[in-house]
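[1] Provided below for reference: sequence and predicted model.
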Amino acid sequence: MQKISIRKCRYKDLIPGCILMQSAVNNLRRQTGKQPERWKPGRVPPPLVAGVFKTDRDTMYCAWKNGKIVGFAGAYVRGKQWYLCWLFVKPNLQDKGVGRKLLERVWRESKGMTHSLCTFAYNPQAVGLYSRFGMAPLCDLPQLKAEKSALILPEKSKLEIKQNAGPGDLRWIHGLEKKIRGYSHPQHWDIWRKQETNNICIAKKRGKRIGYFMIINNAWIAPLGVTDKRYIIDVMTEALLLIEPKKDHKISVWCPTLNLELYTYLIRIGFRVGEYDIYMSDKPYLDWNRYVPATLAVI
């Protein structure tokens, strides 16, 4: 039997890697009684995957066996923060050390560096692997979903909302995120702002910026951040009032349960838990009372 080899990803490996990622996710979903996700690969990799490859290709690796990709992993480094975007292994090769070898390759260590990721709460094998690398579950991240017609929304707040944020607004977002997330990530915002399906908005109070949010494809609110925790419910409400999902589409948001006030507010107005994910890290550095994450791949 041919041995498994680990080597850096090439651009042409990204689509096969994404197909493997979906296969592994759907296998896990079937094992845990969930419906598989539907996704058809295009001719080019998804923007986020291609973007991470462009900025952090030294921390993207594939595992190979018999000429085929059987493992796919990628991470990025921003300042002193290392974050694992994805790590997936072909189902019949899981629990055989392939994931550990990939993690060792994408791992980066230096003085003061933190390491974190998000993963499915219903994947105890992955939680165990990451725990052996020094990370622990620090926050639950349930994915909340709701049909807008079913929500009981308050009236519009006194906040001003500016849609389609400009360059100056993005620079302000970067500065705020450095305070509430521990680091900024302009590389990812460069990807998001170029996508026509994304609407980046700024919330102002008496002309002063106090928060931001992004609406993805008129369905997702992610990310969202505020200067002070007392503004987060009003900013979230403004995002919910603005969003207009397509027929039969639900509004989605990842809500950190450490922000109990926001979580209970969303449940009270009609949101329900759809998926359950967790945030793991070897050091707490995120202010969850002022932040709602973007995606599991980019917290």
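    Received the coordinates, thanks. Numbers count the residues shown, from 1 in each chain.

[2] all strands of this protein, in order?
    Assigned by DSSP state E, the strands in the chain fall at 5-8, 60-65, 68-78, 81-89, 114-120, 136-146, 160-162, 198-205, 208-216, 220-226, 251-254, 272-281, 291-292.

[3] Looking at these, which is nearest to residue 173?
    Closest to residue 173 of the strands of the chain, according to CB to CB: strand 208-216, at 5.2 Å. The C-beta positions use only the backbone N, C-alpha and C, and glycine is treated the same way.

[4] list the buried ones in the closest one?
    By neighbour count on 16 or more other CB atoms under 10 Å, the buried set for strand 208-216 is 209-216.

[5] got a pLDDT number for the residue most central in space within the chain?
    Centrality entry for the chain: nearest residue to the mean C-alpha point is residue 295, 1.7 Å, by CA atoms, centre = their mean. At residue 295, the model reports a pLDDT of 89.

[6] ok, the nearest residue to it once chain neighbours are set aside to residue 215 distance?
    Leaving out its chain neighbours, the residue that sits closest to residue 295 by CB to CB, 6 or more residues apart in numbering is residue 222, at 6.4 Å. For residue 222, the distance to residue 215 equals 9 Å [CB to CB, to the nearest Å].

[7] Please apply the same query to residue 153.
    15 Å.

[8] I figured residue 270 was touching residue 151, is that so?
    Yes. Taking CB atoms under 8 Å as the definition, residue 270 is a contact partner of residue 151 at 4.4 Å.

[9] TSV for the strands of the chain, including mean pLDDT and distance to residue 168?
    Putting the strands of the chain into TSV (pLDDT from 0 to 100; distance: least, CB to CB, whole Å) gives the following:
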stretch	mean pLDDT	distance to residue 168
strand 5-8	96	37
strand 60-65	97	32
strand 68-78	96	22
strand 81-89	96	25
strand 114-120	96	30
strand 136-146	96	31
strand 160-162	97	11
strand 198-205	98	10
strand 208-216	98	10
strand 220-226	96	16
strand 251-254	96	26
strand 272-281	94	31
strand 291-292	98	21
